[in-house]
Structure formats: structure tokens, C-alpha cells
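Chemist: here's my sequence, what's the structure:
(one chain, ligands or ions: 2)
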Amino acid sequence: MGKTALITGITGQDGSYLAELLLREGYRVVGMTRRTSTDVHERIGHIVDDIEFVSGDLLDQSSITSIVAAVKPDEVYNLAAQSFVPASWTQPVLTGEFTALGVTRVLEAVRTVNPRIRFYQASSSEMFGKVQAVPQNEDTPFYPRSPYGVAKLYGHWITINYRESYDLYAVSGILFNHESSRRGKEFVTRKITDGVARIKLGLASELRLGNLEARRDWGFAGDYVRAMWLMLQQNAPDDYVIATGTTRSVGEFVRAAFDHVGLDWEKHVVVDPRFYRPAEVDVLVGDAGKARAALGWEPETSFEQLVETMVQADLERLRPFAAV
Ligand code: NAP
Ligand code: GDD
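Modeler: Numbers count the residues shown, from 1 in each chain. Ligands and ions are numbered 1, 2, ... in the order given. Sure, this is the predicted structure:
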């Protein structure tokens, strides 16, 4: 009998890649989704018949506990969250409910239903915020700079606390930014590749962005979900940083994306202060040495491949809308 995995956030970018990986590994995959009046299966349309869906919400303890009891998972991957950093300033309480307390609700369900269930928490490099060391590893002190970062830090520590209090196999993966053609269009990489494709196809003439100086350690989401799975296959639970170890500015991503289609970015990009943040995370770069040594994990996709793949996917998606 294969294992059963329950994924919260299965309709998101990471949920879609993780579901693909677990199906390939022979798992029964169950996805928790919240009720919506429209179809949110865009990212998992190609595997929707291979997944079982259960309806629940991070805000609702009883639905989560009932789901864990009914599904009987071997592994729970808690990927659901309010994940867009700017929205955490406009909706700080909701972000705390979803992204912080939601973690406790899922952990409570695991603890009360079956403490032998293995639990993965989607923690974030955003917790390093105003970085206290370069590069950041598992020992670097945290200094979050957004309500989202603060909420994720709560989720990180409650995971460790449940591990230590109740002897759960509960791990926190501290993942640096990871992207793909399935990334939400409000995040900067996808906003850029979507904008570049629109400009190249004559559907737009400018791309408005905020801080071009911010630096991120960008990897490919498909590589990162493999690390999540590996973290739950070890003899003992532990927390890991997952990153490429290289950092690029938003401006460098912009240039690479425009170069790919042979356009001059300076003719199209407009810096718009509306996209500045009340407090910025200036630079992130991770040291994934522990994951490399203990999990045998390495990123397989380069920055250049990531940019090209994303631009290419947006060009293909938008081509039917281009003027002939
Ligand atoms: P995403 O695309 O924004 O997906 C978020 C998922 O959470 C969606 O499936 C969403 O469902 C679900 N969700 C939101 N609120 C919910 C609620 N109240 N109840 C149930 N489900 C809810 O995010 P992602 O990029 O895949 O990231 C996955 C996780 O990793 C998140 O926790 C994120 O904070 C974390 N993380 C991401 C990165 C990154 O670079 N991508 C880095 C570090 C950590 P709907 O489809 O219904 O909205
Ligand atoms: N979104 C956005 N839009 N960001 C912009 C823009 C813009 O127009 N212009 C510049 N940026 C800068 C932001 O100020 C930030 O410094 C950087 O681009 C990256 O922004 P996002 O792509 O929105 O990602 P993030 O780093 O804030 O958060 C993502 O990564 C975290 C891990 O470090 C999200 O996926 C989080 O959920 C995740 O935890």
C-alpha cells in the first residue's frame, strides 16, 4: 500500500508541483481546498482526476480535525497561507489568522487525531527580513519585516514547539523564493515575465514596478518541493534552509527577461512608488549546506533557465491574444 499525503494549499504554485511529485512516488494524494464560487483548479487541471479533494479552511478547527481523522494521512504538508507580502500590511489580522494560527490548527489536528503523522510546515526566508548575517542558514537570527514575516515566524516556532512538547515528527522548511510559470501574477518574477511577453506581443507598452534594488535568492519551485518531501523521509525531524546560494536584484531579473526577447528594458520599465513597501527586505541569500549534506538536495535549475522558461511560457499563453 502506498502512503497517503494531505496537502493544504494544493491549488497554489507549490501545491501543484508537490502533488505531481507525490503522485509519481505512488502516494494517494488528498488536497484540502476552501469553498469558492469559481474554479481554482487552474494549476492542477492536468492531475485533477488523480487527486481526492476535501473541503476545509485554515480558519476552521473542526473542519481540519475532521479531515485529518477521515483521510488518515501518513504525511501532512501545510502549504496553505496568505502568501503575498504586501497584502499582509492591508490585511494584517487575516494574515495572522491564516498564516500563523492556521499552523496551530493543523498541528492540533495532527496531535489529537494521530501524533505519528509526519508534518511539514512551509516556513519562509522572509523570516530573516533585515538580515543579521550573509548568507542565512538555520542558525541565523530572525528579524521579520512584514506582518507576513511575523506570522511565518510564529508558524515556524509553533512547529518546533509541538515537536519538542509532543514528540511529533514536525519539520519547518525555510524556503527562499521559488518561482515558475505557475507563480501568481502579483509576485515580481511572474509580473515581469507576463509584462515582457505582453510588450513583446504588442499587448502592452510599459511595465510598472517598485524597488529594483531588492535582491532575492530565486530558485525553481519544482526543485523545492522535492526538498519538502525529503524532509519527511528522514529518521529524525529537523529544520532546513532551502536556497540556491546566489542572489540577484529585481533589476537583474528584469534585464534577463527583456534580453530573452531582444528588447531594451529601459524603454519599457517605469518605477512606480506605489509598489514600494512600508518596510523592505533588501537582500536574501541562503546557505543550503545542511540540506545538501543531510538530504542530498541540490537545486537543478539555473537562474537563466528559470527566467527563460517563465518568459517562454507567458509568450505561448498570450500569443493567441496578440494582434495579427
Ligand atoms: P500560493 O500560490 O499563494 O498558494 C497559497 C495556497 O493557500 C492556495 O492554495 C490557497 O488557496 C491556500 N489558502 C489560502 N488561504 C487559505 C485558507 N484560509 N484555507 C485554506 N487554504 C488557503 O503560495 P505558494 O507560492 O504555493 O507557497 C506555498 C506556501 O509556501 C505558502 O505557505 C507560502 O507562504 C510558503 N512559501 C512560499 C515561498 C515561495 O517563494 N513561493 C517561499 C517560502 C515560503 P486558494 O487557491 O483558494 O486561494
Ligand atoms: N510583488 C512585487 N511587485 N514586488 C516588487 C515589485 C512589484 O511591482 N517591484 C519590486 N518588487 C520587489 C519587492 O519590493 C520585493 O523586494 C521583491 O521584489 C520580491 O517581491 P515578491 O515577488 O512579491 O516576493 P517576496 O520576496 O516579497 O515574497 C515571496 O517570497 C517569500 C520568501 O522569501 C513570497 O512568495 C512569500 O510568500 C515567500 O515567503
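
Chemist: just the buried positions in the helix ranked longest in the chain, please.
Modeler: Counting by DSSP state H, the longest helix found in the chain is helix 147-166. Neighbour counts over helix 147-166 (16 or more other CB atoms under 10 Å) mark 147-160, 162-163 as buried. For every residue, glycine as well, the C-beta is placed using N, CA and C.

Chemist: ok, now stretch 259-269?
Modeler: Result for stretch 259-269 [16+ other CB under 10 Å]: buried residues 259-260, 265, 268-269.

Chemist: which two among those are spaced furthest apart?
Modeler: The most widely separated members of the buried residues of stretch 259-269 are H260 and V269, with 14.7 Å between them, by CB to CB.

Chemist: didn't R34 look like it was pressed against S55?
Modeler: Yes. Under the criterion of CB atoms under 8 Å, R34 makes contact with S55 at 7.1 Å.

Chemist: skipping adjacent residues, who's closest to V254 in space?
Modeler: Of all residues not flanking V254 in the chain, W265 sits nearest, at 5.1 Å (CB to CB, 6 or more residues apart in numbering).

Chemist: identify the residues contacting that neighbour.
Modeler: Taking CB atoms under 8 Å, 6 or more residues apart in numbering, we find W265 in contact with 254-255, 257-259.

Chemist: now do it against K200, distance only.
Modeler: Separation of W265 from K200 (CB to CB, to the nearest Å): 12 Å.

Chemist: do E186 as well
Modeler: 21 Å.

Chemist: ok, these two, which is more surrounded?
Modeler: A direct count of neighbours by other CB atoms under 10 Å for E186 and K200 places K200 higher, at 22 against 12.

Chemist: domains in the chain, by residue range?
Modeler: With domains defined by automatic domain parsing, the chain comprises 4-178+219-242, 184-216+246-284+301-322.

Chemist: and the ones you listed, which is most packed in?
Modeler: Among these, ranked by average contacts under mean count of other CB atoms under 10 Å, first place goes to domain 4-178+219-242 (a mean of 20).
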